[in-house]
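In: Predicted model, plus sequence, below.
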Amino acid sequence: MDGYIPQRRPIIDPHGRGITYLRVSVTDRCDFRCVYCMAEEMTFLPKADLLTLEELDRVCSAFVGLGVRKLRLTGGEPLVRRNIMELIRSLSRHLKTGDLDELTITTNGSQLSRYADELAACGVRRINVSLDTLDPDKFLAITRWGKFDRVMEGIRAAKEAGIRIKINAVALKGVNDMEFDDLIAWCGREGHDLTLIEVMPMGDIGGETRIDQYLPLSLVRADLARRWTLTESDHRTGGPARYYRVEETNGLLGFITPLTHNFCESCNRVRLTCTGTLYMCLGQEDAADLKTPLRSSESDAPLIAAIEEAIGRKPKGHDFVIDRRHKRPAVGRHMSVTGG
Ligand code: SAM
Ligand code: SF4
């Protein structure tokens, strides 16, 4: 039938949640070394271990065939993967057929001025850009290697290309907690939404411990509510963020609070690493190998069976805890491996 778009039903996990969202870490490498994410000296995976762009396309497309409606490419820094636009261009075919609602990225913004127009042309309508501070010196201290002006230029280029921007800022005690008002006001003026993120205990980051960085967002929200009118919004992404409308700026303000709030009951997502490992939960170690079934056959049947089997054991929730008795990360892998 002309114009008929088949509605694929998502896979339902054992807890009744439809899996409609796949996040893919396309590389574990990055041109920054943010203090909460990576140690300064990192050992990255040998390039030979990564799925090729063609293989990433095959896995993503298999998920789309199984009812995934939203794909987010992340990392590491997705835009430093060589020829990444080939993958994005190829995946955009699923937007055209209507099988995918959204193709998006989470980026540190360093390469955005180069790619913004092409991303928009591929149908990327919204992106997340990580920016923890508006102070160039602090930006350098947090990212270790980042260039503030280049990121701001990238954000401007994306906005000019017509892409909506959500700024992600990790809340760091004693580092950017005095700046949230400025971030809210700046995002309001620029028309960006803003999400504050609690530090999650993932991966060894060298000298600092998470208890030094951890700032409960419940306290931040109560403090912000003294100066801003925050109206609860029904905006939901199926993820850990809860959103408020800032009446003074009309912008959305999200809080990602995996530690002070449990968000697992509405979790609609799974995560694929750049080596083809599927994590059913950001905060659990259980994983499924998709590389072997992917490479075992030209047919997608073994891959699809492996995906279905893996989602069949998606856990009910995570076990994140940060306190003085839990100084080691709750999960050993870095956020840049699973994809934030
Ligand atoms: N490089 C890209 C970027 O920075 O946006 C994408 C990958 S990064 C791992 C994704 C998000 O995870 C970023 O917003 C980053 O701030 C956040 N992140 C990294 N490590 C984190 C941690 N330990 N706790 C909370 N958020 C973290
Ligand atoms: Fe790189 Fe993003 Fe991690 Fe920062 S948060 S080191 S930009 S992957």
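Out: Sure, I can see it. Owing to the predicted nature of the structure, the values given are computational and were not obtained by experimental measurement. Ligands and ions are numbered 1, 2, ... in the order given.

In: how about the residues of the stretch 101-250 of the chain that lie near ligand 1?
Out: 106-108, 130, 168, 170, 197, 199-200, 202 (Cβ under 6 Å from any ligand atom). Any C-beta I mention is one placed from the backbone N, CA and C, and that applies to glycine too.

In: Among those residues, which one lies nearest to Gly312?
Out: Met202 (25.0 Å; Cβ to Cβ).

In: now the strands for the stretch 101-250 of the chain?
Out: Here the stretch 101-250 of the chain has its strands, by DSSP state E, counting those that start in this stretch, at 102-107, 126-130, 164-170, 193-197, 230-232, 241-246.

In: in the shortest one, what's buried?
Out: In other words, strand 230-232. Neighbour-count burial for strand 230-232, with 16 or more other Cβ atoms under 10 Å as criterion, is recorded at Leu230.

In: Spatially nearest residue to Tyr244, not counting backbone neighbours?
Out: Ranked by Cβ to Cβ, 6 or more residues apart in numbering and with sequence neighbours excluded, the top spatial neighbour of Tyr244 is Leu230, at 4.0 Å.

In: re earlier: for the strands of the stretch 101-250 of the chain, which one sits closest to ligand 2?
Out: Proximity to ligand 2 (Cβ to the nearest ligand atom) singles out strand 126-130 among the strands of the stretch 101-250 of the chain, at 5.6 Å.

In: Tabulate the CA atom coordinates of the closest one in PDB.
Out: Provided in PDB are the C-alpha atoms of strand 126-130 (Å, rounded to 0.1, in the frame of the first residue of the first chain):
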ATOM      1  CA  ARG A 126      18.400  18.000  18.300                       C
ATOM      2  CA  ILE A 127      21.700  17.300  20.000                       C
ATOM      3  CA  ASN A 128      23.100  17.200  23.500                       C
ATOM      4  CA  VAL A 129      26.300  19.200  24.000                       C
ATOM      5  CA  SER A 130      28.300  18.800  27.300                       C
END
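
In: Retrieve the pLDDT associated with Thr237.
Out: What the model reports as pLDDT for Thr237 is 73.

In: Arg144 versus that one, what's the distance?
Out: Using Cβ to Cβ, to the nearest Å, Thr237 is found at 30 Å from Arg144.

In: where do the helices sit along the chain?
Out: 53-65, 84-91, 93-97, 112-121, 136-143, 148-160, 180-190, 210-213, 217-224, 291-296, 301-311, 335-338 (DSSP state H).

In: Ranked by average pLDDT, which of these falls at the bottom?
Out: Among those, helix 335-338 scores lowest, with a mean of 58.

In: if we can go back for a sec, format the helices of the chain as TSV; extra columns: distance to Thr74.
Out: Listed next are the helices of the chain as TSV, based on distance: least, Cβ to Cβ, whole Å:
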stretch	distance to Thr74
helix 53-65	12
helix 84-91	11
helix 93-97	18
helix 112-121	14
helix 136-143	16
helix 148-160	16
helix 180-190	21
helix 210-213	21
helix 217-224	21
helix 291-296	19
helix 301-311	19
helix 335-338	9
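
In: now these in CSV, with mean neighbour count and distance to ligand 2?
Out: As requested, those are exported to CSV (neighbours: other Cβ atoms under 10 Å; distance: least, Cβ to the nearest ligand atom, whole Å):
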stretch, mean neighbour count, distance to ligand 2
helix 53-65, 19, 17
helix 84-91, 19, 14
helix 93-97, 15, 25
helix 112-121, 19, 12
helix 136-143, 17, 6
helix 148-160, 18, 10
helix 180-190, 17, 17
helix 210-213, 16, 13
helix 217-224, 16, 18
helix 291-296, 16, 22
helix 301-311, 17, 24
helix 335-338, 24, 4
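
In: Who are the contact partners of the spatially closest residue to Cys187 that is not a sequence neighbour?
Out: Once flanking residues are discounted, Cys187 sits nearest to Leu194: 4.3 Å by Cβ to Cβ, 6+ apart. For Leu194, the contacting residues are 166-167, 169, 183-184, 187, 251-254, by Cβ atoms under 8 Å, 6 or more residues apart in numbering.

In: please redo it, this time with the cut-off set to 10 Å
Out: Going by Cβ atoms under 10 Å, 6 or more residues apart in numbering, Leu194 touches 131, 165-169, 180, 183-184, 186-188, 246, 249, 251-255.
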